[in-house]
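>>> give me a model of this one.
(chains A and B)
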Amino acid sequence: MKPTPSQIEGVGFRLSAMHTLTPSDSFAARAVDWPTALGILRDAGAEINRLGPETSLPEALQLIAETAVRLLNSDSASSDNVRAVIYTYDATHSIFDPHSRVSAGEGDAPALGDVPRPNGVGALALARRARVLSYEEDALAFHPLKYQAGIRTAACYPLLVAGQPVGALYIDLRAARRFTPDELLILDTFVHLAAVAIYNTRQFEGLTRALQRKVDELERLEHAGRLIGSRLNLPDTLREILAAALRLTGAEHGSIRLLDKAAGILRLSAIEPASGAAQHVELTLDERGSVMGWVARHRQPARIDDLRQPEWASIYVPLHPEQEMRSELTVPLLGSGGGPEGVLNVESPRLAAFDADAQRTLQALATQAVIALQEAKLLEAIEAMSGQLIVRPPDELFALLLQRACDLLNVPHGAVWEMERAAPQTLTLRASTGDLPRRYQVSAEGSLLGTAVQTGRPVISADMRADSRLTRRDLTERMGWVSALIVPLAAREGHPRGAFGVYTTEPRSFSDWDTRLLATLANHAAVALQQAEALAQVKLAEERQAVAETFAVLGDIAANLLHRVNNLIGLIPVHVQAIGDNRPAALEDGYVKTRLDDIEASARAALKAARETMLHLRPLRLQAVRVNECYHTAVERLTPPPQVEVAMRNLNPLPPVYVGEEQLRLILFNLMENALEAIGDQPGNVIVSGRVVTDALDRARRWVEVTVADTGPGVPPDDRERIFAPNFSTKRSLKKMGFGLWWVKAWVQRFGGSVALGEGETGCSFILRLPPAQAGELN
Amino acid sequence: MDATPSTGQPAVLIVEDEPGWCAVYAELLADYACHYAVSYGEARGLLQRHTFALAIVDLHLASPAAREENRDGFWLLKAARQRGVPALVVSALGAREDIDRAYDEFGVFAFIEKELFDRRGFARTVAEALQ
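Numbers count the residues shown, from 1 in each chain, chains lettered A, B, ... in the order given. This next block holds a predicted model:
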């Protein structure tokens, strides 16, 4: 009696109960064709062995099902109508996958609805880890559809690998009989093979899927990278980064906040969707102030499946107040040296919208984004610098460059070192961040800075404290510097001009990108130095021109004045003499004689005063002059006190200089006289020394350098800048006869030379640079 | 006119634009036949028309002709030398280069600076020049 579907429903279907085995069902009657069966097993084994990454799971399952059917049909005379059905098992969720059904031997009427039930035969077989045979189970309900499909005998094999279920194999017969021991033996053997095949195929599929995912992810990242890299300015780059983040994670909401390092604030720099009342709240780096603050602070990503969790709900700052977000993924943007540059964030109104893959992808994007950001920032910096080169004075440019370098490289300190023109072996601090001593000097020989300058290559010191190239340790110790990156500053012709260094107070390794970036900024610094040099030259030339013109005009006026004075006042003594010659009786009156003598003396004094005063304004006559001779005639006019020694050093071997002789004599006289005034009543000395130096910028050019140094109190720092200004007057700048340091500067400039105030711990020195005369010019 | 006119007095050309100095010369050179010129143009004319035993030249005249360079006295020294007239310079400006040039290029007999002018010394120098 065949049960109706209504009977089957709800009560299940007991194959064993519906079917009473008769003697004719005896398995003894059925013999396995062993050679054929073994052959099929061998072939199946070989085929399963060939299953590779290119085989899909359904293909493998189909092969297994068909092989199972063939194994039981090895007896060609069999009319059992064997069929095999396989369902795979999802161990993660502990259920059979209903979509995984594969069958063989079903013909045109597959029983598609026979999905394994939670308490069905498949579950029992897995639980027992052993096959279940329909005729051995009294109280087991096989799936009713099987009976409907004409099945009378059924077996269910668990497919296990290392004790873990991968599926179940159902072997169904339309014949009402028992499986023979041989058949069961064959099937027992086969299912192990089948389980391993399924396991391997699944593993392959998993790997292939993971690989494909990676390939997709890389392609998408690469695409995003191309798009981001093609943006030229910072806002566009930021927008593109955010757009890529949304595309890659499937999110619709997100933002980028960049860190304002000076203020310690995360500023909103891009947001999507851009419309609506976006939260322009400035977030601090406080880890309890916001999720983004936490991420930036800890330099770690945060993937939050539910923002309502108390630990996040308390610090979450809504992206868009009008739309509630449930999950968030935020990654830090880590720049050079691992320091935070900002945060990249995506959010979703769904719970757990972002998985581990999304996090990985976003972190990879963040890495790319930082590079693009740095490039954009560098471009922006270069653009800004280029615009400033012409209009800003060099010191302001250096300050800007240092600020940009520190910002881009995440370092606390930076410094520009300039090679001394007069002493190329010395590097002087030209500009710096922080409180560094002005005009601090380092010897180039063997030092970190010197190595960069002399080799023309970047120098990295991972730990300056242990670096033997650090020749002056006081500054490094005072500033707490640990690591350094130094790049050379080269002029247009490649001559070294100095070095650009950045310094950290924590151990830091510098990358190629760091080096390239600093080198780029250093090029701008070098241009600024050149600019400064050119401006100084122009200024000097203008000053020389102005001085020359002024002197020319004053010279004319002075000459005319002196001419007139001598003509008119010069007559007075002559007339007095005439009275004596022609009216000697008049001079017998003592009073008259005394008065006439006074008149003559006053007139002669007036003539002398006029002559001396006008001497400064006399036209300059450049000629080859020996410095030592000028020194000697200048010293003759001096009256140094006994406790002060005035001496010269190395003036005799100097080549002649091309200057105005009388003017050089006056210059030396006045500098020495000023030095004596400065020393005052104290013991001390005034030394005039000389040497020949090579111009640091123009190696072919030489100067005769004459230094007037004293042991006096030195020039106060506030006065240094204006000591050469007209009308500036101190003890150092005597105004006798209107003669001050401005005159010294004016004359030296007219010679084509320069004068500078020297540096020194004590005393004061004036350094004159005079042009050497050409050979043969000295008479 | 000859260097020694009929009076027997040697003729002296005095190039000076300052009346006070002309008065001094007039007094000191009373024994000579003095011809005065206040400008180079006038002096050149006199040199051309007369014969002089001596020329006393102020190098820097404030005349209109000398306004630019104010050193045209050198041209006059040149003209005097070409005519074989010995020259004595009396100058209000005693620049070394002027003195060197006057002696080296124009062979002047003496260079006297007005600032240091001495009546008797001047008279002696003139007498020497005319010997």
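
>>> when you work out contacts or count neighbours from here on, use the C-alpha atoms and nothing else.
Noted.

>>> for the residue most central in space within chain B, give me its contacts.
By Cα atoms, centre = their mean, the mean C-alpha position of chain B lies nearest to B:Ile56, the distance being 1.5 Å. By Cα atoms under 8 Å, 6 or more residues apart in numbering or on different chains, B:Ile56 lies in contact with B:12-15, B:87-90.

>>> can you list which of these are found in strands?
The strands, defined by DSSP state E, take in B:12-15, B:87-90 from the contacts of B:Ile56.

>>> now these as CSV including distance to A:Thr426 and neighbour count?
Converted to CSV, the ones in strands among the contacts of B:Ile56 look like this (distance: Cα to Cα, whole Å; neighbours: other Cα atoms under 10 Å in any protein chain shown):
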residue, distance to A:Thr426, neighbour count
B:Val12, 71, 24
B:Leu13, 69, 26
B:Ile14, 67, 22
B:Val15, 64, 27
B:Ala87, 62, 28
B:Leu88, 61, 24
B:Val89, 58, 24
B:Val90, 58, 22
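
>>> for A:Gly337, which three-state class applies?
At A:Gly337 the chain is in helix, as set by DSSP: H, G, I helix; E, B strand; the rest coil.

>>> chain B contacts on the stretch 451-600 of chain A?
Selection of the stretch 451-600 of chain A residues close to chain B by Cα under 8 Å from any Cα of the partner chain yields A:559, A:562-564, A:566-568, A:570-571, A:574-575, A:577-578.

>>> may I ask which of those has the most neighbours?
Neighbour counts for those, by other Cα atoms under 10 Å in any protein chain shown, peak at A:Asn566, which reaches 27 neighbours.

>>> which non-adjacent residue is nearest it?
B:Ala92 (5.1 Å; Cα to Cα, 6 or more residues apart in numbering or on different chains).

>>> what residues does chain B have near chain A?
Within reach of chain A by Cα under 8 Å from any Cα, chain B has these residues: B:18, B:20-21, B:24, B:60, B:92-93, B:114-119.

>>> rerun that using 10 Å as the cut-off
Applying Cα under 10 Å from any Cα of the partner chain, one finds that chain B approaches chain A through B:17-21, B:24, B:27-28, B:60-62, B:69-70, B:91-95, B:97, B:113-120.

>>> secondary structure of A:Ala552: a helix, I assume?
Yes. Assessed with three-state DSSP, A:Ala552 lies in a helix.

>>> what is the neighbour count of it?
16.

>>> hang on, it packs against A:His616?
No. A:Ala552 is beyond contact range of A:His616, at 11.6 Å (criterion: Cα atoms under 10 Å).

>>> residues in contact with both of the two, list them for me.
A:Ala558 (Cα atoms under 10 Å, 6 or more residues apart in numbering or on different chains).

>>> what ranges do the helices span in chain B?
Taking DSSP state H as the test, the helices found in chain B are B:19-28, B:40-49, B:73-82, B:96-106, B:119-130.

>>> I would like the residues contacting the third one, please.
Put plainly, it is helix B:73-82. B:13, B:15, B:39-41, B:43-44, B:47-48, B:52, B:54-61, B:66, B:72, B:83-89, B:91, B:98, B:101-102, B:105-108.

>>> select only the buried ones of the residues you listed in PyMOL?
This is how PyMOL selects the buried members of the contacts of helix B:73-82, with burial counted by 16 or more other Cα atoms under 10 Å in any protein chain shown:
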select buried, chain B and resi 13+15+39+40+43+44+47+52+54+55+56+57+58+59+60+61+66+72+85+86+87+88+89+91+98+102+106+107+108
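
>>> still on that earlier bit, now the helices of chain B as CSV including mean pLDDT?
Below are the helices of chain B laid out as CSV (pLDDT from 0 to 100):
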stretch, mean pLDDT
helix B:19-28, 92
helix B:40-49, 90
helix B:73-82, 89
helix B:96-106, 90
helix B:119-130, 94
